[in-house]
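Asks: Attaching a predicted model along with its sequence, questions to come.
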Amino acid sequence: MRSYAAGTRLRALLLAAFVVTLGALIGAPVAAAGRTHTVAAGNSLWSIAHAHHVSVDALREINGLEKGKPIRIGQKLIIPSKGWKKKSSSPRRANAKLADGVGRKRSGTVIAKPPPWTQVQKSAKERGVNPCNTPDPGYGVYSHWDRSVSMGQMLVPERGGIASNGAFDVMFHFHGHEAVRKEWVQVMHGAVLVGIDLGIGSGPYSHAFAAPDTFKRLVESVEKVMAKKTGKKHAHVRHVGLSAWSAGYGAVGEILQQLYAKKLVDTVVLLDGLHCGYIGRSLDARQIQPFIDFAKLAARGKKYMFVSHSSIIPPGYASTTETSHLLIREVGGHFHRAHPRPGDPMGMDLIGRYDRGNFHVRGYAGNDKMDHCAHVGLYHDVLKIHVRRRWHSPRGYKKH
């Protein structure tokens, strides 16, 4: 595969991310019968289940773990095989769950893979830009990246961006921080951006945030940096968002299941990045349950959520098309066909959409690396049309 970025770290990251999309976004393959996992620091049942494409319930039952009972470092857990079935006093009900993946009896595959007509590609010339190497607009009202936080780096307005009582807004973005920075600075004028890159695959992201206090410490470290930079000792977060491109969804999934984050997080943006495994021919919805729960809250207007998908078909696990459509089905809706729009960024071709309350899904054709990169370009409009109006963040300014 030809690199568009010899010598440029961002382009190398984007190229590697596409390779991951085709082969290893989720992490470890489904374990064979009898395989074990030794619990390491920061592991949770959810992160272990997610990495091995199994459900938490299956892990609990095969290892005889009671619900609510913690696991310990060094403990060896048996990983159920792909065909493992949970014991049940009602075989009919158990089989319905396995056939469906969401606990309700339905026949056939839950969601179909992207159809052949979506498997198209466009050159950079046709698009008018190479989505994996977009022009750099600079930093706007923001200073350059600051690495004072406990993880990653943060983008803070040169001055302002905080209310008189110390309140400020912050978005935590996972995977591709430089790419999203180019979109962020064009439309955001005060909210803080924290960018975190942890490598290839969703595994490093989920593992990094498996411990319940990791995200809390990160938020507190941002508050301390803002207090120091602005001179407001009571600096504190007000609106908090989580966004991710590609493999970064692994961090978002871990964070959303934590009580602290459930109360704090207002906004979730997933740019062509949400995957899960299968149970039989159907999606294992339990692997993405935190996202389903958040989508339901957004559909009721209590939170905000935007999800986009390409038409890339990865090997052996569910595509972003399938998981996006499953979210729609879980909130009681249906994906609606749509036509390409000239206003969509980087030559993207819209094929469908769904809107209910504050829950929005956009689907696009295309199955190559530039299609995957192009989803970062959607960040611009999501921030401008939805997030900026929702948050009304204190305005930041450049120093004169």
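Replies: Perfect, thanks for sending it. Here the structure is a predicted model, which means the values were calculated and not measured. Numbering: from 1, shown residues only.
Asks: And the lowest mean pLDDT element among the helices and strands of the chain?
Replies: Lowest on mean pLDDT, DSSP states H and E among the helices and strands of the chain sits helix 91-100, with a mean of 33.
Asks: After it, heading C-terminal, what element do we hit next?
Replies: With elements assigned by DSSP states H and E, the helix or strand that comes after helix 91-100 is helix 124-127.
Asks: who's in contact with that following helix?
Replies: For helix 124-127, the surrounding residues in contact (C-beta atoms under 8 Å, 6 or more residues apart in numbering) are 130-131, 346-347, 370, 374. C-beta here means a position set from N, CA and C on the backbone, and glycine is covered the same way.
Asks: now swap in stretch 44-51 and tell me
Replies: Against stretch 44-51 from outside (C-beta under 8 Å, 6+ apart): 26-28, 37, 39, 55-56, 58-60, 65, 71, 77, 202-203, 206-207, 210-211, 250, 253-254, 257, 286-287.
Asks: where does the stretch 51-200 of the chain dip in pLDDT?
Replies: Within the stretch 51-200 of the chain, the ranges that satisfy pLDDT under 70 run 68, 82-110.
Asks: Repeat the analysis, applying 80 as the threshold.
Replies: 53, 55, 57, 60-70, 74, 81-111 (pLDDT under 80).
Asks: quick one, helices of it?
Replies: Taking DSSP state H, counting those that start in this stretch, the helices of the stretch 51-200 of the chain run over residues 56-63, 91-100, 124-127, 177-187.
Asks: Could you list every helix and strand in contact with the first one?
Replies: Meaning helix 56-63. Helices and strands touching helix 56-63, as assessed by 3 or more C-beta pairs under 8 Å, 6 or more residues apart in numbering; DSSP states H and E, comprise helix 45-52, strand 76-78.
Asks: Now the last one: buried residues?
Replies: So that's strand 76-78. 77-78 (16 or more other C-beta atoms under 10 Å).
Asks: what about the residue positioned nearest the centre of the chain, helix or strand, and which?
Replies: Centroid-nearest residue in the chain, with C-alpha atoms, centre = their mean: residue 249, separated by 2.6 Å. Secondary-structure assignment from DSSP H and E places residue 249 in helix 249-256.
Asks: Now do that helix: everything it contacts.
Replies: Contacts of helix 249-256 (C-beta under 8 Å, 6+ apart): 27, 44, 46-47, 50, 174, 196, 198, 201-206, 208-210, 215, 242, 244, 261-262, 265, 268, 270, 273-275, 288, 290-291, 293-294.
Asks: same thing but 7 Å
Replies: 46-47, 50, 174, 202-203, 205-206, 208-210, 215, 242, 244, 261-262, 265, 268, 270, 273-274, 288, 290-291, 294 (C-beta atoms under 7 Å, 6 or more residues apart in numbering).
Asks: Remind me what the helix or strand that it is followed by packs against, helices and strands.
Replies: On the C-terminal side of helix 249-256, the closest following helix or strand by DSSP H and E is helix 259-264. Contacts defined by 3 or more C-beta pairs under 7 Å, 6 or more residues apart in numbering; DSSP states H and E place helix 259-264 against helix 212-230.
Asks: Now do whatever helix or strand comes next after the helix it packs on: everything it contacts.
Replies: Later in the chain than helix 212-230, the nearest helix or strand by DSSP H and E is strand 236-245. Outside strand 236-245, the residues within contact range by C-beta under 7 Å, 6+ apart are 166-176, 180, 219, 222-223, 251-252, 255, 264-273, 375-376, 387, 391.
Asks: Repeat that for stretch 172-179.
Replies: With contacts defined as C-beta under 7 Å, 6+ apart, stretch 172-179 is touched by 10, 13-14, 152-153, 180, 193-197, 205, 242-248, 251-252, 376.
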